[in-house]
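Colleague: pasting a predicted model and its sequence here:
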Amino acid sequence: MISADGEQLGIMPVREALLLAQERNLDLVEVAPNAQPPVCRIMDYGKYRYEQSKKERDVRKKQKVITVKELRMTPKIDNHDFQIKLRNAERFLRDGDKVKITVRFRGREIVHADLAREKLEDLAQQLQAVSAIERPPRLEGRQMIMILAPRLQQEAKAQAAPQGSPS
């Protein structure tokens, strides 16, 4: 049993704890039901729920929603257009968004899928300072798709993974 100000009151029967809480016009809340014996606390439950929802709102507010931006191109893209796509991809990655690069094949262009793969690998190589390849170029139907993730996000994932243990 723990009092409203955090003081240990010791082990007591439930009836006695309820009477103590009623005397103080507070609620008896079970905070650790799996402990032996279960731990209860005297507190204002309405105020506690309000504080919890406030903390939850703050956490949600601080979360960054990662969106996936898509860039489309053809295997016959001109060098200047390629540079513009490169700049846009870099801007998206610096903003913390993932980038999905799609190369669409029309007609018999699909015969030259190797050219599209080279373009995507060249793009990834030029962006390696700000990005990491999340999914390498892969042919899916009549399009080739590659996904790049911001470098910061990849480093955070690597730090979060436990060191030395196989996953």
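Modeller: Looks like it came in fine.
Colleague: would you agree residue 139 is in contact with residue 113?
Modeller: Yes: here residue 139 reaches residue 113: they are 5.8 Å apart, a contact under CB atoms under 8 Å. All C-beta atoms are positioned from the backbone trio N, CA, C, and that covers glycine.
Colleague: which outside residues touch whichever strand in the chain runs longest?
Modeller: Longest strand of the chain, by residue count under DSSP state E: strand 131-140. Contacts of strand 131-140 from elsewhere in the structure, counted by CB atoms under 8 Å, 6 or more residues apart in numbering, are 89, 93, 98-99, 113, 116-117, 120-121, 124, 144-151, 154.
Colleague: can you check stretch 41-59 too?
Modeller: For stretch 41-59, contacts defined as CB under 8 Å, 6+ apart pick out 1-4, 17, 20-21, 24, 26-29, 31.
Colleague: name the residues of stretch 56-74 that are buried.
Modeller: Under the neighbour-count criterion of 16 or more other CB atoms under 10 Å, stretch 56-74 has 69, 71, 73 buried.
Colleague: now do the end-to-end distance for that stretch.
Modeller: Start to finish, the residues bounding stretch 56-74 are 45 Å apart (CA to CA, to the nearest Å).
Colleague: what mean pLDDT does it get?
Modeller: Taken as a whole, stretch 56-74 has a mean pLDDT of 86.
Colleague: also stretch 117-133?
Modeller: 91.
Colleague: average pLDDT across the stretch of helix or strand residue 40 belongs to?
Modeller: Residue 40 belongs to strand 39-43 when assigned by DSSP states H and E. Averaging pLDDT along strand 39-43 gives 88.
Colleague: many thanks, we can stop here.
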